[in-house]
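Undergrad: The amino acid sequence is not available; the structure is as follows:
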């Protein structure tokens, strides 16, 4: 777009539109740029002077350094375990002929329904001190420690099974797109099911697996709920540590620095991922693909072993959810002791939810926050996309687009820290208000985190609209 | 005339019985669930033949090919390779090289790795693989430097050669090709068709080719089997299939054809030749605008109602007595052809008329 056409387009704007554009520019500057820059300021400037105090503080804090180490250990371990389990799940549901694959799939899909705190708690429900699995194990091995389920292994176990959603979605999709004729061609040349899997199918999935590996690494690095609930004192990781540090005024800089380390790791890995994606995407050479047919495992023993594996995984996935559902129908005593008798079944929990305001309130609050944040993010993304589309190819629009993608690059912990430490004092840009500790900052946080995804969706629909139609709508 | 035909027929029978069958399909039945896709399929294919399965989509031609290759197990009947029953022999032991519709090349491998795949599966020695792959690549005209390119970097023609080399390197006794040209543009299709024919001649391998394209079938094949609804309509040489279509379906499916209006038959000398209750057809190019000689030539009055000029030839639409229409094709010889509205005579040789019982369902 040349300067003249840009001028023409700017000239066609009315006052309402100018106000709207100014609002979006304000939002970007106030909530996306300033807080994130402020993180660096907080870390490296003390009383207006450059200082490396925070770095020294971090290096000398055994607890903080340990949490950093733990987070990296967790992230690296998850890269391996999540891939092993995730790829297995996808092969079981999409590639091999498994009896009852549809039911297995339902079980493996449970991680799409609930995550974060709920997953970690549900696993604690099954494997914790009074959990059903612990009870069964204790009856078999009376000498065992009932508080066995905590620390690194517990976190790794829960996160391994909880973080396979992306594999189910993206790897499942990628495997369905494989050209089945290549599988048949390999079969025709005498290759067995596992040889084909190793030499023909998995290499095609390599870019997807690589991207998923990086996403898994980042999830591990920024893990919050599982280490908080199951990590115990011996396995503390960065994200909960940042939360703790950010609460005290003297450690805010440490929290910010830890968040920055997270942010840097994220940016580096995402850069590698994008590079790799550009280089290693295998374009199928076929004009028409034929749909993947599930492969029968001809070796009887291997077939039985794969079936057993499938159903064991199913049990691991379903047990925590099933227990939550089951115990939601029992009284407090049953829940506390994980013992169920016929008399302990009750609908009281459900009736309480709908009759007592104190029980319903958390749900209402969640719904209200979610609704407010959704409305905000959709409105913002709509207007911003309209501007980007209208002034496409102009530097202004590009800068705006990149600014709105900031939350995609930075981990949410870093964004949260940026908001907290920026708005805990009166700031002119928000009318000298203190936002930290108010409802507003929570809604803002929700909005900011959901901007990139919403933007992508809205922008995609804008670009599919006819340009002239856009002019008419103006 | 009848005598000549009878002699031709007996000669065909004689020559067929002289060459022994390489592949024999006997009473093949194929079910997909409750759907009976193929019933009592019988066919013999000879050694060294370029044999084509021709038919519209869903007619069962690919099903039979895949059954031969071993991807589908028939619910009844048998397939024999020479004298050996291969109905239940695993795919890789049948000695059939398959080239898929989209070539099914492995996108993550180089050309060399693609061609070597089957030999690696069979655990051949590295030196043997290297020598064989290079040898077959040379034969199918793939250059040395192309061997180490990714298959996605090759043109459509080169990809076809890789797919064929990948099959031939395993020294199959039969090469099965499932509509390999169907997804290409018209020009490339003709080019690759010629390459394919050259390769088949060079290797002399029995080739089974599946297509829905009658032009491909006519130009490539030694013999053609025309499929319809899971049944064989006719097996024969391209000449026979085109000029002596045995069923109304075949005559409709192959080439452009005129169905002669029954009223025209009734009101013209054609009635003496076309049996009552039969439907009669004549190929477009057999409707002559230039006079032809012979005892069995019928002359009809006509008027040109449309003309399409193609350079090499023109297509005319003619109106005949009673208002029925016919199409014809005339080679352009540099002189001005017929103009629209012009009255002329058309000449039809009775032997060129193909007639079928009304009960038969055409295409």
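TA: Cool, the structure landed. All of these numbers come straight from a predicted model, not from anything done at the bench.
Undergrad: Can you check the pLDDT for residue A:136?
TA: With respect to pLDDT, residue A:136 scores 87.
Undergrad: ok so it is a helix residue?
TA: Yes - per DSSP: H, G, I helix; E, B strand; the rest coil, residue A:136 lies within a helix segment.
Undergrad: burial count for it?
TA: Using other CB atoms under 10 Å in any protein chain shown, residue A:136 is surrounded by 11 other residues. The C-beta positions use only the backbone N, C-alpha and C, and glycine is treated the same way.
Undergrad: what helix or strand is residue 133 on?
TA: Went with chain A since none was named. Element membership for residue A:133 (DSSP states H and E) is helix A:132-140.
Undergrad: please go with chain B instead
TA: helix B:126-139.
Undergrad: Likewise for residue B:28?
TA: Judged by DSSP H and E, residue B:28 forms part of strand B:21-32.
Undergrad: lowest-confidence helix or strand of the chain?
TA: Let's take chain A. helix A:467-473 (a mean of 49; mean pLDDT, DSSP states H and E).
Undergrad: That was the other one, I meant chain B.
TA: Min over SSEs of chain B, mean pLDDT, DSSP H and E: helix B:2-18 (a mean of 44).
Undergrad: what about the closest residue to residue B:313 other than its chain neighbours, distance to chain A?
TA: Closest residue to residue B:313 apart from its sequence neighbours, by CB to CB, 6 or more residues apart in numbering or on different chains: residue B:331 at 5.1 Å. Between residue B:331 and chain A the distance is 36 Å, computed by CB to the nearest CB, to the nearest Å.
Undergrad: Hmm, residue B:315 and residue B:331 touching each other?
TA: No - with contact defined as CB atoms under 8 Å, residue B:331 does not count as touching residue B:315 (11.3 Å).
Undergrad: Where does pLDDT dip in the stretch 251-363 of chain B?
TA: B:359-363 (pLDDT under 70).
Undergrad: the strands in it, which residues?
TA: Assigned by DSSP state E, counting those that start in this stretch, the stretch 251-363 of chain B shows strands spanning B:257-259, B:278-283, B:287-288, B:297-309, B:313-319, B:325-331, B:343-349, B:354-357.
Undergrad: Just the buried positions in the second one, please.
TA: If you call a residue buried by 16 or more other CB atoms under 10 Å in any protein chain shown, then strand B:278-283 has these buried ones: B:278-283.
Undergrad: and the stretch 51-200 of chain B, which residues reach chain A?
TA: Proximity of the stretch 51-200 of chain B to chain A is confined to B:69-71, B:91-92, B:96-98, B:100-109, B:117-118, B:121-122, B:151-152, B:154, B:159, B:166, B:170, B:183-184 under the rule CB under 8 Å from any CB of the partner chain.
Undergrad: Buried ones from those residues, can you make that a ChimeraX selection?
TA: In ChimeraX, this line selects whichever of those come out buried by 16+ other CB under 10 Å:
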select /B:69,70,71,91,92,96,97,98,100,101,102,103,104,105,106,107,108,109,117,118,121,151,154,159,166,170,184
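Undergrad: Out of the residues of the stretch 51-200 of chain B next to chain A, list just those in helices.
TA: Judged by DSSP state H, these include B:69, B:117-118, B:121, B:159, B:166 as members of helices.
Undergrad: residues making contact with the strand holding residue B:28?
TA: B:36-47, B:49, B:60, B:63-64, B:67-68, B:72, B:74-82, B:173-174, B:206, B:208 (CB atoms under 8 Å, 6 or more residues apart in numbering or on different chains).
Undergrad: pLDDT score assigned to residue A:10?
TA: 64.
Undergrad: Surely residue B:342 touches residue B:304?
TA: Yes - the pair formed by residue B:342 and residue B:304 meets the contact definition of CB under 8 Å, at 4.9 Å.
Undergrad: in chain A, which ranges drop under the pLDDT threshold?
TA: A:1-13, A:277-290, A:462-474.
Undergrad: any idea how it splits into domains?
TA: A:3-49+A:357-473, A:56-346 (automatic domain parsing).
Undergrad: And those: which comes nearest chain B?
TA: With CB to the nearest CB as the measure, domain A:56-346 is the member of those nearest chain B (3.2 Å).
Undergrad: From start to finish, how long is the closest one in a straight line?
TA: Distance between the boundary residues of domain A:56-346 (CA to CA, to the nearest Å) amounts to 57 Å.
Undergrad: which ones are touching residue B:113?
TA: Neighbours of residue B:113 in contact, by CB under 8 Å, 6+ apart: residue B:106.
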